[in-house]
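> quick one, structure for this:
(one chain, ligands or ions: 1)
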Amino acid sequence: MSLEAKDLTFRYPRRSRGSVLEGVFLTVEPGERVGLSAPSGRGKTTLCKLLSGYERPDRGEVLLDGRPLSSYKGFCPVQMIWQHPETAVDPLLRLGETLYEAGPVEDRLLDALHIQPAWLERYPLELSGGELQRFCIARALREGVRYLLCDEITAMLDLITQAQIWDFLLEEARQRELGLVIVSHNTLLLERLCTRIHPLT
Ligand SMILES: Nc1ncnc2c1ncn2[C@@H]1O[C@H](COP(=O)(O)OP(=O)(O)OP(=O)(O)O)[C@@H](O)[C@H]1O
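Residues are numbered from 1 along each chain as shown. Below is the predicted model:
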């Protein structure tokens, strides 16, 4: 089940400088870990948004296992984890409601990410950034996920928490043969984590 970006072109309606992405091709296979590398503003986040269905391309298509991503109903097998987790959850819902709205999440994941049951009674702003990010990772890893798009997901965390999260994610991806797309400005981190680096030109 490969994830394919085919000839993607995209511009934001309110952006004056034309297309952010022009004719982008990328294929990620199960178990691959692809690092996206490019200077700021080149469109890494935008490509992740297209690959996970948050935005639709103006031209080209995103295919999962040869089928348009938009034809998958229910929980999307391509999940994006955002740099700022507070933008990825409804601030007015308790975390327990957010977590289970798309179905069950294995307790094993909550334990491995050190998510305390009491947090599920709280609202997003009542967790630290690192706690909320671990919550978002658990939510993305529910059954059915095949690809994770990790957009600077540990950039705001201390080094120990970063290492714990990546150790966990790499092992989880290995066991479940998940494909990962990893965005980071930290070249050393990308070299350490990825099976290959894809420069976005
Ligand atoms: N919602 C939006 N509306 C208009 N323009 C946008 C929007 N989001 C991003 N852009 C513009 O699109 C371009 C690409 O942004 P994007 O966030 O994809 O880049 P990036 O490579 O991820 O950058 P960074 O490394 O700084 O996170 C930028 O010029 C940005 O200003």
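> elements contacting the helix or strand hosting residue 171?
Using DSSP states H and E, residue 171 maps to helix 159-176. Counting contacts by 3 or more CB pairs under 8 Å, 6 or more residues apart in numbering; DSSP states H and E, helix 159-176 packs against helix 129-140, strand 147-151, strand 179-183, helix 187-193. For every residue, glycine as well, the C-beta is placed using N, CA and C.
> just the strands in the protein please.
Ranges of strands within the chain are 3-10, 21-28, 33-37, 59-64, 67-68, 78-81, 147-151, 179-183, 196-199, based on DSSP state E.
> check contacts around residue 157.
129, 130, 133, 165 (CB atoms under 8 Å, 6 or more residues apart in numbering).
> got a quick PyMOL command for the buried subset of these?
To isolate the buried ones among the contacts of residue 157 in PyMOL, judged by 16 or more other CB atoms under 10 Å, type:
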select buried, resi 130+133+165
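> stretch 22-40: which residues count as buried?
For stretch 22-40, the neighbour count (16+ other CB under 10 Å) marks 22, 24, 26, 28, 32, 33, 34, 35, 36, 37 as buried.
> make TSV from those residues and add distance to the ligand and pLDDT to it.
TSV is the format used below for the buried residues of stretch 22-40 (distance: CB to the nearest ligand atom, whole Å; pLDDT from 0 to 100):
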residue	distance to the ligand	pLDDT
22	12	95
24	12	97
26	14	97
28	17	98
32	20	98
33	18	98
34	15	98
35	13	98
36	8	96
37	10	90
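> identify the farthest-apart pair in those.
Spanning the widest gap among these are 22 and 33, at 25.5 Å by CB to CB.
> ok, back up a step: looking at the strands of the chain, which is buried most?
Across those, the average number of neighbours (mean count of other CB atoms under 10 Å) peaks for strand 147-151, which reaches a mean of 25.
> so what does that strand touch, helix or strand wise?
Against strand 147-151 (3+ CB pairs under 8 Å, 6+ apart) you get helix 44-51, strand 78-81, helix 159-176, strand 179-183.
> redo these as a markdown table? Include distance to residue 64.
Shown next, in a markdown table, are the helices and strands packed on strand 147-151 (distance: least, CB to CB, whole Å):
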| stretch | distance to residue 64 |
| --- | --- |
| helix 44-51 | 9 |
| strand 78-81 | 6 |
| helix 159-176 | 16 |
| strand 179-183 | 10 |
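> turn those into CSV, columns for mean pLDDT.
Formatted as CSV, the helices and strands packed on strand 147-151 follow (pLDDT from 0 to 100):
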stretch, mean pLDDT
helix 44-51, 97
strand 78-81, 97
helix 159-176, 95
strand 179-183, 98
